[in-house]
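Participant: Provide a 3D model corresponding to the input given below.
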Amino acid sequence: ADASPPPPPDAAGASDRPASPGERRRERLEQNRISARESRKRRKNMIEDLQRTVIELSRENKELNERNEGLRTELVELGTAHPGAVDLNRMLSCSNARGGDAAVGAAGG
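Facilitator: This next block holds a predicted model:
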């Protein structure tokens, strides 16, 4: 007869009891939405970083190709001005293996 009524549920007590399957599903879906949003944001940032890197490396590659072409032209001019001082065929064949053949055409090779 001394049975006291159970305490009223409060915010702390509500988290102690197991959530219903519907509540658990809603929480899981919300966490999934948050995770998906963060994943999309990370992917977007990564793609933007990669695009900036591509632009930067393309610019650097263009500058290096222009410098290489200028040096090859200078080498051909020096070889023409001083025959026998530099073996142009050997020098230019090394760079031809990497795909450059413009200087060979200019050297008549």
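Participant: Next, work out how far apart Ile47 and Glu56 are.
Facilitator: 15 Å (C-beta to C-beta, to the nearest Å). Just so you know, the C-beta spots here come from the backbone N, C-alpha and C atoms, and that holds for glycine as well.
Participant: ugh, wrong one, Arg33
Facilitator: Counting by C-beta to C-beta - Arg33 and Glu56 are separated by 35 Å.
Participant: give me the low-pLDDT residue ranges for the protein?
Facilitator: Residues of the chain that meet the criterion pLDDT under 70 lie in 1-17, 94-109.
Participant: Helices of that one, start to end?
Facilitator: Secondary structure of the chain by DSSP state H: the helices cover 11-16, 21-81, 88-96, 102-107.
Participant: For my notes, please list those helices in CSV and give mean neighbour count for each entry.
Facilitator: Formatted as CSV, the entries for the helices of the chain read as follows, by neighbours: other C-beta atoms under 10 Å:
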stretch, mean neighbour count
helix 11-16, 8
helix 21-81, 11
helix 88-96, 15
helix 102-107, 16
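Participant: No further queries at this time; thank you.
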